[in-house]
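# Just to be clear, the model below is a prediction. Sequence and coordinates:
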Amino acid sequence: MIHFAWPTPQQIQAVSRLSIACLLLSALAAGVFCPAWGQDFGDHTSATLASKAWQALGEGKHDLVAAYTKKCRELYEGEATKQQASLTGFASADKAHSYWALNDVGTCLFIAAESLAQQGKSKEAVATYEKLVDDFGYCQCWDTKGWFWKPAEAAAGKLKQLEFDAKLE
């Protein structure tokens, strides 16, 4: 025969404390391993990720910028590298859209570098701008005003500014 004994108030209190501790540890771990609460990768296309990264940058949500740009690079950097290697110069405006991975990965690197610079992380920003210039120099970014601009050229200018600022410090 099995006897059931109700827990004592002390046992209930101990279990409650343990449960609360577990919840707090879970929340802490989630914050460490998933810092970008609220991230939504949408349809996971490179264009969506780049758009979301731009929006997050504009809102100063640097954790989301990092999440979106990282995801874009994870998914599309291989294709972007192939597209970059296939070019000997910038694609013409009528063909630039066909280099979608190159354009979006390069743009995401620019956005990531801007975010790092805004956070005062100059060394990381420099490394990210340099990766863009060195590895994805032929990327182009569509401006909603109706033209392409060249993130690597903008990054080269940012690098010069960061180097100049470093000399002043």
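Perfect, thanks for sending it.

# measure K82 to D43 for me?
22 Å (C-beta to C-beta, to the nearest Å). Bear in mind the C-beta positions are built from the backbone N, C-alpha and C, glycine included.

# quick one, what contacts K123?
By C-beta atoms under 8 Å, 6 or more residues apart in numbering, the contact list for K123 is empty.

# And it, how far from G78?
In terms of C-beta to C-beta, K123 sits 26 Å off from G78.

# ok so, going back, K82 and D43: which is more packed in?
The neighbour comparison of K82 against D43 (other C-beta atoms under 10 Å) goes to K82, with 11 against 7.

# mind listing what the nearest residue to the more buried one once chain neighbours are set aside touches?
Closest residue in space to K82, ignoring its immediate chain neighbours: A101 at 7.9 Å, by C-beta to C-beta, 6 or more residues apart in numbering. Contacts for A101 (C-beta under 8 Å, 6+ apart) come out as S46, Y76, E77, E79, A80, K82, Q83.

# Make TSV out of these and add distance to L159, secondary structure and pLDDT.
Output for the contacts of A101, formatted as TSV (distance: C-beta to C-beta, whole Å; DSSP: H, G, I helix; E, B strand; the rest coil; pLDDT from 0 to 100):
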residue	distance to L159	secondary structure	pLDDT
S46	24	helix	93
Y76	24	helix	97
E77	21	helix	98
E79	26	helix	97
A80	20	helix	97
K82	25	helix	98
Q83	23	helix	98
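
# Greatest separation within the residues you listed: which pair is it?
For the contacts of A101, the maximum inter-member distance is 13.6 Å, found between S46 and K82 (C-beta to C-beta).
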